[in-house]
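> What follows is a predicted protein model with its sequence.
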Amino acid sequence: MKKVTGFIGAAVALAVLSGCTAYDRAESYVTKPVVQDVKKGMTRQQVRDIAGPPSTEITMVHARGTCQTYVLGERDGKTQTYFVSYSDTGRVMNYGFQSCKEYDTDPQAVQ
């Protein structure tokens with residue numbers, strides 16, 4: 001019984017620690033204006049005033065509207081990106097820690 005309890009405890013500890021790694025990667029970027037200050041419903045101009053010009057902008061294929069990608073920096077040799085998607089009326093619909101290309105994926109495609 002002690003072995004099972006120890007195994008379960010170790011598994012829980014590893015799960016908790018793996019979550020900390022993802023948080024640590026994002027944590028260093030939360031103070032960037034595009035991450036901290038951009039909110040749903042803002043206009044494209046409000047976002048530009050806060051975050052400056054994006055690195056890229058695309059018209060989405062699988063989602064509606066357009067999307068802008070901002071480069072936040074580099075970590076472990078990988079570029080860290082943040083996207084802001086806009087509705088057809090130019091208002092922020094969504095945002096997050098990935099590129100527009102990663103965000104605009106086919107929901108029917110096998111992952």
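Happy to help now that I have it.
> which ones are touching V92?
38-43, 47, 84-86 (CB atoms under 8 Å, 6 or more residues apart in numbering). From N, CA and C alone the C-beta is placed, and that goes for glycine too.
> Work out which residue lies at the spatial centre of this protein.
F97 (1.4 Å; CA atoms, centre = their mean).
> where's the nearest residue to P33 once chain neighbours are set aside, which helix or strand?
On the basis of CB to CB, 6 or more residues apart in numbering, the spatially nearest residue to P33 that is not a chain neighbour turns out to be I50, at 5.0 Å. Using DSSP states H and E, I50 sits within helix 44-51.
> Show residues contacting that helix.
32-34, 37-38, 68, 70, 84, 86, 90, 92.
> what about it, distance to the chain center?
Distance, stretch centre to chain centre, for helix 44-51: 18 Å (CA atoms, centre = their mean, to the nearest Å).
> Export it to CSV, keeping only CA atoms.
What follows is helix 44-51, C-alpha atoms only, in CSV (Å, rounded to 0.1, in the frame of the first residue of the first chain):
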residue,chain,number,x,y,z
ARG,A,44,-7.5,47.7,-34.2
GLN,A,45,-6.3,51.2,-33.6
GLN,A,46,-6.5,50.8,-29.8
VAL,A,47,-4.4,47.7,-30.1
ARG,A,48,-1.8,49.4,-32.3
ASP,A,49,-1.6,52.3,-29.9
ILE,A,50,-0.8,49.9,-27.1
ALA,A,51,1.3,47.2,-28.8
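> can you pull the buried residues of it?
Across helix 44-51, burial judged by 16 or more other CB atoms under 10 Å covers 44, 46-47, 51.
> May I see the residues you listed arranged in a markdown table, with pLDDT as well?
Formatted as a markdown table, the buried residues of helix 44-51 follow (pLDDT from 0 to 100):
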| residue | pLDDT |
| --- | --- |
| R44 | 96 |
| Q46 | 98 |
| V47 | 97 |
| A51 | 95 |
